[in-house]
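**Q** Predicted model follows, preceded by the sequence.
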Amino acid sequence: MSKYQSIAVIYGSDSSEWEVSCRSGEFTASRIDEFKYDVYEIFARFGEWKLVAMRKANSMRMPFPEGAQPEVDKTDFSVMVLGEKVKFDFAYIMQHGAPGETGLLQGYLEMLGVPHSSCSAFVTTVAFDKYSCKSYLRTADFVKLAPDAFVRLGDNLDEFCEKAVARLGLPLFVKPTNGGSSFGITKVEKAEDLPGAIRYAFKEGDTVIVEAAITCEHELTCAVYFDGKEVKALPVIEIVPHSGGWFDYEAKYNGLSSEICPAPIPDALTAQVQDISCRIYKHLGCKGLIRIDYIAAPDGIYFLEINIIPGMTNASLVPKMVRAAGMDFTAFLTQIIENS
C-alpha cells in the first residue's frame, strides 16, 4: 500500500540549469509507477508555477497547452484541474540550482507539511554551497579535501589573488560556491588569468571558491539513498573526458566524455568510495537520493561536491548506476518516494 497518491514532480528553476532540470523532471515523471500514483508535472521558474502535464494512475499522460496551464496555488500547494482541486501528497523535486537545490523550495514544502524527495532545507542549503559543505567535512577523517580559498563579491580581488596563488600554487580551479552543471567553472594555469576567472564565476553568484588542482588518477562519482532500512550506495562510475581534461559542461552534456559503470577500478577502491559516500550521507544528515563526486589521487580520495538533486535523464549518471545494479528504475523511484 502506497503512502501517497498524488505526486507533484517540480522542475525548471531560476538558474542557468533550468533546461537540464526540465529534461530530468520529464524523465522522472515518465518513470514514476503509473499503476500506483497520479503524477502532476509542475514547471516552476521565477515564481510562476504551472501544471504542464498530468497522468492519473492507469491513464495516459495529458499535457496542457501554453495559455491553458493551471496555476499552482502556493498557499496550500494545490491546483484546480478539470474542475477538481488537487492537493499534492508528495513533491518529487527535480529543480537543479535555485530554489530546488538552495533549500528554499524544501523550506516552503516543510512549512506546509508536504513530504518531499530531497534532503531537509538546512542540509540542502549547506550541501549546495561548496565552501559550506567542505567546512562541515573538514573534521571528517575518512575523506580528503583540496586546499582552498574563499572570496566574496566586493572583496579586494588583487590582494586575494596574490595570496591564493602564493598559498595554493598553480593550477587552480575557480568555482561559484552555489552553482552546478559546471557553469562558471574555470581551470587557471597562469596567475594573471585568476582575476578574470573569478569575475566569470561571479556571474553565477556572489561567492567563489578557489581550489588547488589535485593530481587525478580517477574521477569518480557514487550515488547514495535510503531504502527504508539502511543507507545504500549504488555502483561507482568513472568519468573519462575525451579531451583528457576535466569534466566541464561540454563533456557532461555534449557527449565528450565516457561514463563507465561499474568503474574499472580495483574492488577495494570501489568499496572505499561507496563507504565514504554512505558516511558523508549520514554525517550531513541527508535524505532521499544524492550523488557525490570525487577525485582518486595518489595520496587518497578527495571530495569534490554533493549533488543534492542529481541529473535524471535517461543518459544521466544515476539511471546508469541503477541499471548497473540490476534494479528496475521505476521500482527504484518508488523506494525514494516511499522512504524519503
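**A** Thanks, I have it.
**Q** Now for the protein, the helix or strand with the poorest mean pLDDT.
**A** helix 249-253 (a mean of 50; mean pLDDT, DSSP states H and E).
**Q** Give the buried residues for stretch 139-153.
**A** 143-146, 148-151 (16 or more other Cβ atoms under 10 Å). Every C-beta, even on glycine, is put in place using the N, C-alpha and C of the backbone.
**Q** Stretch 116-128 too?
**A** 116-121, 123-128.
**Q** can you tell me which two in these are farthest apart?
**A** The distance between the two most remote of the buried residues of stretch 116-128 (Cβ to Cβ) is 17.9 Å, for 117 and 126.
**Q** C-terminal to whichever helix or strand residue 219 is part of, what's the next element?
**A** Here residue 219, judged by DSSP states H and E, is contained in strand 218-226. The first helix or strand that comes after strand 218-226 along the chain, using DSSP H and E, is strand 231-233.
**Q** What is that following strand packed up against?
**A** strand 218-226, helix 267-284 (3 or more Cβ pairs under 8 Å, 6 or more residues apart in numbering; DSSP states H and E).
**Q** Now with 6 Å, please.
**A** helix 267-284 (3 or more Cβ pairs under 6 Å, 6 or more residues apart in numbering; DSSP states H and E).
**Q** Go through the buried residues of stretch 139-153 and say which is closest to residue 171.
**A** Here the nearest of these to residue 171, counting by Cβ to Cβ, is residue 146; it sits at 11.6 Å.
**Q** So residue 310 sits against residue 292, correct?
**A** No: using Cβ atoms under 6 Å, residue 310 is not in contact with residue 292; the gap is 9.4 Å.
**Q** Look at those two and report which has more neighbours.
**A** residue 292 (25 against 22; other Cβ atoms under 10 Å).
**Q** In a helix, that one, correct?
**A** No: counting by DSSP: H, G, I helix; E, B strand; the rest coil, residue 292 is not part of a helix but strand.
**Q** is it in a bridge, and if so with what?
**A** Beta bridges link residue 292 to residue 222, residue 306, judged by DSSP bridges.
**Q** What strand or helix carries residue 80?
**A** Here residue 80 is assigned to strand 78-81, by DSSP H and E.
**Q** Now find how far off-centre that strand is within its chain.
**A** What separates the centre of strand 78-81 from the centre of its chain is 28 Å, taken as Cα atoms, centre = their mean, to the nearest Å.
**Q** looking just at contacts, which helices and strands does that strand meet?
**A** Judged by 3+ Cβ pairs under 6 Å, 6+ apart, strand 78-81 is in contact with strand 84-87.
**Q** downstream neighbour of the strand it packs on in the secondary structure list?
**A** strand 90-93.
**Q** what helices or strands is that next one leaning on?
**A** Counting by 3+ Cβ pairs under 6 Å, 6+ apart, strand 90-93 packs on strand 6-11.
**Q** buried sites along whichever helix or strand comes after the strand it packs on?
**A** For strand 6-11, the succeeding helix or strand toward the C-terminus, using DSSP H and E, is helix 18-31. For helix 18-31, burial by neighbour count (16+ other Cβ under 10 Å) applies to 18, 20-31.
**Q** could those residues be laid out in TSV, adding pLDDT and distance to residue 90?
**A** Shown next, in TSV, are the buried residues of helix 18-31 (pLDDT from 0 to 100; distance: Cβ to Cβ, whole Å):
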residue	pLDDT	distance to residue 90
18	90	22
20	90	23
21	94	18
22	96	20
23	96	21
24	96	17
25	97	15
26	97	18
27	97	18
28	98	13
29	98	13
30	97	17
31	98	15
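**Q** Let's have these in CSV, adding distance to residue 177.
**A** As requested, those are exported to CSV (distance: Cβ to Cβ, whole Å):
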residue, distance to residue 177
18, 19
20, 19
21, 19
22, 24
23, 25
24, 22
25, 25
26, 29
27, 28
28, 27
29, 30
30, 33
31, 32
